[in-house]
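# Here is a sequence with its predicted model. Questions after.
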Amino acid sequence: MSRASTITKDDFSDNHVNSYDTGDHETRMRRNKSVGQLPMENEGRVLVLYTGGTIGMTRNESGVLVPTANAFVKNLRKYPHMHDRKYAEERFGAMGPLVLPNTNIQNRRVIYNVLEYSPLRDSSNMTIDDWILIASDIEESYEYFDGFVVLHGTDTLSYTASALSFMLESLGKTVVITGSQLPIFDTRSDGLDNFLASLVIAASYNIPEVCVFFGTHLMRGNRTSKVSTASFEAFHSPNSPPLADAGIEIQVDYRAIFRPCTLEKFHVHTMLNRNVGLLRLFPSITCDLVKAFLQPPIEGVVLQSYGAGNMPSNRADIVEEFRKATDRGVIIVNITQCTEGGVSHIYETGKLLLEAGVTSGFDMTPEAALAKLSYVLSKTEWDTETKRSMMQTSIRGELTAGRPPTLQDWDLVDAVARSLHLSSPDELQELGSVLFPAMLNAAVVNHDVQKLESLKGYGADISQTNADRRTALHIACCEGDLRVVRYLLKMGANVHMQDRFGHTPLTDAIDNDRHDIIKLLLQCGAHLHGSARLIGDEMCIAAAAGNLTRICSFHIAGADLSQENVSRRTALHFAALHNHIPIIEFLLNNGADPNLTDMLGHTPSDLAELVGATNALKLLPARKLNLKQNSTGEITRGQGD
Ligand SMILES: NC(=O)C[C@H](N)C(=O)O
């Protein structure tokens, strides 16, 4: 499978963003006002990776469902509930991305691009190479989108979801995998609801996990299994409650979200070990079969034992084969054949396996255990003991080892609710969503990390937002206490959250010139986002004001110092115009282009010359004069080079 790209990189690159940035925005606002329309809305951008599956299939002459290349996007454009043509054409022109129509409930426009793979696959044909391709594509386009939707056949969807959950390391954005039981363009298809809900979730909710959406539930991907060939609720997450339920509103259980708590940026692990397999016990299984299964090159086996992890105690021959294999370094992970629950060692029959060096996989699904084994075995930096121990540790929320950590179960909220005589679950929920952000923010302002820790213990989600959609991390970046920022990041605070004004924590750190915090946020995967020209504008303002510290802040945050504003002027133009020598020196030393011309054809040195900024002129390269002789023999200077 490869990319049959129905979009090119330019479609989602910053250049594309530039084409509808500040200038266009302002013009649009004016135009919209003049025709009495609403101003431009809050938007979320999603990349859809369309790999195949029933969702996009059509019936051939014999009535058999087959994937059809290059038809999906064309069809989507025809359906008003999948594409708001009027809005899209006004905003992006005829060939722009797809746009969902607005709903009363969701006040965020969902803009989406579809990347179609070739050939489109029935998911039975998916391989490890396809997982690697999907993961690499997410990595390549990560900075340009708020979230990702993978359209996938249902048969092996849980394997892909599990594998991606491990391969996408330190994930900070939402990835939703979905598909359907009936083709999306069929009457009565579940595909439409699954796709729409996935798009809305990926665009609007920060759930930094690889999730599966099916029916009415958003589930942790590596906890799912396909359980039905016919039901619209085809996937279950037997050992972990849903992350969100999609009814009239989408109710997210933020406390259930597994957040990466590392100080590193998002990256993809693209190596997987293929010498792994699933072995299911059955009565009278022969020792020869087990022996053959465990032969090299096998390096990892997921053993599906009976009940709570049991093995026939009268089969010393098989246990001996397991012991020989684990002695050779093969990792054998014990999980249950039951759909629900996990392995424990309450029976003698289960203990036997432990003694033979078999590792407990607790309540992992077969799909998660196999994908995790393939991932863990490919980690060259881990020795065999570390690999065994990682198989028993939850690294993406894929297993529950022993008792789950106890939250103090909303005690705090309950106490306040009682004194306010609130009782319904909705009122409690609402109180929690008001109380926690306020208390988290107060703890940040007071630099009180202990309070932050205890609020987390009381069930506060560290990335919970206040009415302006600001998080504790936003406040901490304004406050400027590096220790608190590091603490929040280690507690899983998300660097990509955007407040009501589109500001991320990185924007706040820049606005407050907190250089150490900017560096830390970048280390954790933060990046500049939104309109490049708007960033150009802000750098021009800083240059005009002689604010070198702010220019440094943008530079550290990775801004292009040659970025133009709407009049195609750069920070260097303004520094030259206002004769700010240290800024000119800084910009030139850090690669700003001194030869760019503004809308009037002026370079920075032209502007310095015009205003008589002689010191600035000395630093700037002289412009190659474009001299022309007119018909009367007079020499004039042409516009531009
Ligand atoms: N519903 C589906 O998508 C099933 C299909 N055979 C697939 O897995 O690609």
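That came through, no problem.
# So what are the structural domains in the chain, by residue number?
2-26+44-268, 276-391, 411-523, 532-639 (automatic domain parsing).
# To Gly397, which of those domains lies closest?
domain 2-26+44-268 (3.3 Å; Cβ to Cβ). The way it works is simple: take the backbone N, C-alpha and C, and place the C-beta from them, glycine included.
# hmm, that closest one touching the ligand?
Yes: applying Cβ under 6 Å from any ligand atom, one finds that domain 2-26+44-268 is in contact with the ligand at 53-54, 122-124, 153-155, 179, 181.
# Now find how far off-centre that domain is within its chain.
Distance of domain 2-26+44-268 from the chain centroid (Cα atoms, centre = their mean, to the nearest Å) equals 12 Å.
# and that domain, what's its mean pLDDT?
Over the span of domain 2-26+44-268, the pLDDT mean works out to 89.
# which residues in the stretch 51-200 of the chain form helices?
Ranges of helices in the stretch 51-200 of the chain, per DSSP state H, counting those that start in this stretch, are 72-78, 85-92, 128-141, 157-167, 191-204.
# same deal with the stretch 251-400 of the chain?
So, for the stretch 251-400 of the chain - with DSSP H, counting those that start in this stretch - the helices run 287-293, 316-327, 348-355, 366-377, 384-391.
# neighbours around Ser313, how many?
13 (other Cβ atoms under 10 Å).
# Can you pull out the residues in contact with stretch 478-490?
The contact list for stretch 478-490 (Cβ atoms under 8 Å, 6 or more residues apart in numbering) reads 261-263, 444-445, 447, 449, 452, 462, 472-473, 476-477, 495, 505, 508, 511-512, 514, 516-517, 520-521, 524.
# so how far is that stretch from its chain's centroid?
Counting by Cα atoms, centre = their mean, stretch 478-490 comes out at 22 Å from the chain centroid.
# Tell me the buried residues in it?
478-479, 481, 484-489 (16 or more other Cβ atoms under 10 Å).
# Tell me the one among these nearest to the ligand.
Leu489 (38.3 Å; Cβ to the nearest ligand atom).
# Is the closest one located within a helix, as I assumed?
Yes: judged by DSSP: H, G, I helix; E, B strand; the rest coil, Leu489 forms part of a helix.
# sorry, back to before: right, so the helices of the stretch 51-200 of the chain: which one is the most enclosed?
Neighbour counts (mean count of other Cβ atoms under 10 Å) averaged over each of the helices of the stretch 51-200 of the chain peak at helix 157-167, with a mean of 28.
# Pull the contacting residues for whichever residue of the stretch 401-550 of the chain sits closest to the ligand.
Closest contact between the stretch 401-550 of the chain and the ligand, by Cβ to the nearest ligand atom, is at His496 (30.5 Å). Contact analysis of His496 by Cβ under 8 Å, 6+ apart lists 146, 172-173, 206, 504, 525-526, 529.
# Tyr375 too?
So Tyr375 contacts 163, 166-167, 269, 272-273 (Cβ under 8 Å, 6+ apart).
# one more time with 7 Å
With contact set as Cβ atoms under 7 Å, 6 or more residues apart in numbering, Tyr375 has these partners: 166-167, 269, 272.
# Then His345?
309, 351, 354.
# Show me the contact partners of stretch 253-273.
Around stretch 253-273, the neighbours that count as contacts under Cβ under 7 Å, 6+ apart are 128, 132, 135-136, 139, 142, 167-172, 207-209, 220, 241, 243-244, 299-300, 374-375, 377-378, 396-397, 407, 459, 461, 464, 486, 489-492, 494, 523-525.
# Now, these that are in strands?
168-169, 220, 244, 300 (DSSP state E).
# of all those, which two lie farthest apart?
Ala244 and Gly300 (32.6 Å).
# picking that back up, mark which of the contacts of His345 are buried, thanks.
Looks like the contacts of His345 have Gly309 buried, using 16+ other Cβ under 10 Å.
# wait, which of the contacts of His345 is closest to the ligand?
Gly309 (30.3 Å).
# Show the contacting residues for the closest residue to that closest one other than its chain neighbours.
Counting by Cβ to Cβ, 6 or more residues apart in numbering, Gly309 lies nearest to Val343, which is 2.8 Å off, once chain neighbours are set aside. Counting by Cβ under 7 Å, 6+ apart, Val343 touches 305, 308-309, 334-336, 350, 360-362.
# can you tell me which strand in the protein is longest?
Max-length strand for the chain by DSSP E is strand 109-121.
# What pairs with it, parallel or antiparallel?
Strand pairing for strand 109-121, determined by DSSP bridges: strand 2-3 (antiparallel), strand 43-52 (parallel), strand 98-99 (antiparallel).
# Highest mean neighbour count across those strands, which stretch is it?
Comparing those by mean count of other Cβ under 10 Å gives strand 43-52 as most buried, with a mean of 24.
# which residues make contact with that strand from outside it?
1, 12, 56, 67, 72, 108-117, 120-123, 130, 134, 137, 141, 145-153, 199, 202-204.
# likewise stretch 128-141?
Residues outside stretch 128-141 that contact it (Cβ under 7 Å, 6+ apart): 1, 3, 12, 47, 49, 51, 115, 148, 150, 160, 163-164, 167-168, 175, 268, 270, 272, 274.
# Please apply the same query to stretch 53-63.
Counting by Cβ under 7 Å, 6+ apart, 50, 65-68, 71-72, 120, 122-123, 151-154, 179-184, 191, 195 sit against stretch 53-63.
# Between the two ends of it, how far is it?
With Cα to Cα, to the nearest Å applied, stretch 53-63 spans 16 Å between its terminal residues.
# Return the set of buried residues in that stretch.
53-57.
# Model confidence for Gln429, exactly?
According to the prediction, Gln429 has pLDDT 70.
# Distance check, it against Arg255.
Gln429 is 11 Å from Arg255, where distance means Cβ to Cβ, to the nearest Å.
# before we move on, back to that, which of the buried residues of stretch 53-63 sits closest to Ser605?
When these are ranked by distance to Ser605 (Cβ to Cβ), Gly56 comes first, at 55.8 Å.
# Enumerate every residue touching Leu548.
Residues near Leu548 by Cβ under 7 Å, 6+ apart: 582-583, 586.
# Endpoints of stretch 538-550, how far apart?
This stretch, stretch 538-550, spans 9 Å end to end (Cα to Cα).
# so how far is it off the chain centroid?
Taking Cα atoms, centre = their mean, the mean C-alpha location of stretch 538-550 is offset from the chain mean by 32 Å.
# List the buried residues in that stretch.
Result for stretch 538-550 [16+ other Cβ under 10 Å]: buried residues 538-540, 542-544, 546-548, 550.
# Stretch 263-273 too?
Neighbour counts over stretch 263-273 (16+ other Cβ under 10 Å) mark 265-266, 268, 272-273 as buried.
# pretty sure Gly502 belongs to a strand, no?
No: with three-state DSSP as the criterion, Gly502 is coil rather than part of a strand.
# Between the residues of domain 2-26+44-268 next to the ligand, identify the one with the most neighbours.
Neighbour counts for the residues of domain 2-26+44-268 next to the ligand, by other Cβ under 10 Å, peak at Gly179, which reaches 30 neighbours.
# Report the contact partners of that residue.
53-55, 151-154, 157.
# Gln304 too?
Each residue near Gln304 by Cβ under 7 Å, 6+ apart is listed here: 278-281, 335-337, 366.
# bridging residues for it?
Beta-bridge partners for Gln304, by DSSP bridges, are Arg280, Ile335.
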